[in-house]
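> Below is the structure, and that's it, no one-letter string:
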DNA sequence: GTGAAAAAGTGCAACGAGTCAACTTTTTGT
DNA sequence: ACAAAAAGTTGACTCGTTGCACTTTTTCAC
């Protein structure tokens, strides 16, 4: 009947997935990450734990359902930056923006949940750092050097790490500025060709 | 009878701990980290799993028994560096040394085990990054600024991260040099006072 | 259309890591 | 020497996660 993209099956699958993610987020916010078991979430969505794991790779993944446009945004921040602006400055501004939206009313509770739960914090960090290769390639393309240039990878790695550096600081914004001041000056002096 | 430091009890405790660590490392090298269960290790040392967890905080900790002079070595690398050598250069040399000893025949198998097991790699990274505060304080003391100076924390964070940056690179030594070239130039231009 | 085969969804039971409350042994104060 | 306290040890349990078997849906040959 509808072989294209939307079949009845796909719809039910998406609905189940959404029900699981919604139940998980609600329960986590209510009782804390460790106060909620996989069984609780599965029962709230009226499926078995096995079915839950068919939809999500693990307990942490239940929280990070709608992500992964972040990688594209990161590349865009470099590629589409205003003329005359340096790559580190563009990345710094992008991260400052990112912090700002994380503190908006709607996201504040979510952000706090992630920041205060070690398992979620670590998972978010690991996922975030996986963008390094793509970001390094974008920086290399911008500078006109081969995409495996070590200096580009170093800048990408450090720029992404600046996020967790700022999270641990008393004054995150000041920490971000200090970190990118270091990277900016280093990048200007060193350049992609080492 | 022997109330000072060495009691019969302490000796037995240390012996049990050592037997566990030895059995764990031997089995991990033989069958791989995931091929060995906590039960296997406990049985090899002839204790119960609960006793094992009284001695070690988790499965990963069984591998990292003899560590934690590393933090002191890191601080010493900054404090006792040759006159005229910059802080980033001293840290770079220290990390290059560290890599060298990790490749010595006796440690090569151990290093490979850690690098190829995600759980161990992550645990080692987390432990390593905990030295950030101490290293930042050493750098700040050296530069004569308050120990919570953001630029010092940024340098410490990035210098420590250079290790995992290098591990993921095709040419780790080249990656380390590129990373520290960035940090060296940035540090010279920016300095601790931002 | 119809029936079989393949694919996807689902659940029960099991495994491994880590914790808890109770029991045993060693140490300590008198 | 003896009781109280401290430390060591244990089996039973919880929770996250996976493998195997079963059911339902979709696909395809006839």
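Cool, the structure landed. Keep in mind the model is a prediction, meaning the values are calculated, not measured.

> which residues touch the closest residue to residue A:81 other than its chain neighbours?
The shortest distance from residue A:81 to any residue other than its chain neighbours is 3.7 Å, reached at residue A:90 (C-beta to C-beta, 6 or more residues apart in numbering or on different chains). C-betas here are computed from N, CA, C, even on glycine. By C-beta atoms under 8 Å, 6 or more residues apart in numbering or on different chains, the residues touching residue A:90 are A:77-78, A:81-82.

> I'd like the distance from stretch A:172-185 to the chain centre, please.
Centre-to-centre, stretch A:172-185 and its host chain are 20 Å apart (C-alpha atoms, centre = their mean, to the nearest Å).

> Do any residues in that stretch lie close to chain B?
Yes - judged by C-beta under 8 Å from any C-beta of the partner chain, stretch A:172-185 and chain B are in contact via A:174-175, A:177-179, A:181-185.

> So what's the residue count around residue A:136?
By other C-beta atoms under 10 Å in any protein chain shown, the residues close to residue A:136 number 23.

> how deep is residue A:104 tucked in, by neighbour count?
Count around residue A:104 with other C-beta under 10 Å applied: 9.

> Quick check: the gap between it and residue A:111.
Remark: distance between residue A:104 and residue A:111 (C-beta to C-beta, to the nearest Å) = 9 Å.

> For the most centrally placed residue in chain A, which residues are in contact?
Closest to where the C-alpha atoms of chain A average out (C-alpha atoms, centre = their mean) is residue A:128, at 4.6 Å. Counting by C-beta under 8 Å, 6+ apart, residue A:128 makes contact with A:70, A:160, A:163.

> residues making contact with the one helix or strand residue A:186 maps to?
Assigned by DSSP states H and E, residue A:186 belongs to helix A:172-190. By C-beta under 8 Å, 6+ apart, the residues outside helix A:172-190 that reach it are A:86-89, A:91-92, A:95-96, A:99, A:151, A:155, A:158-159, A:162, A:165-166, A:169, B:150-151, B:153-155, B:157-158, B:181-190, B:194.

> buried sites along the helix with the most length in chain A?
The single longest helix within chain A, with elements called by DSSP state H, is helix A:8-31. For helix A:8-31, a neighbour-count test (16 or more other C-beta atoms under 10 Å in any protein chain shown) marks A:16-17, A:19-21, A:23-25, A:27-28 as buried.

> got it, and stretch A:131-139?
Within stretch A:131-139, the residues scored as buried using 16+ other C-beta under 10 Å are A:131-133, A:135-139.

> Looking at chain A, which residue is nearest chain B?
Closest residue of chain A to chain B, C-beta to the nearest C-beta: residue A:186 (2.8 Å).

> Around the closest residue to that residue other than its chain neighbours, how many other residues sit close by?
Distances taken as C-beta to C-beta, 6+ apart put residue B:186 closest to residue A:186, at 2.8 Å, once the chain neighbours are dropped. Neighbour count for residue B:186, taken as other C-beta under 10 Å: 29.

> Alright, I will stop here.
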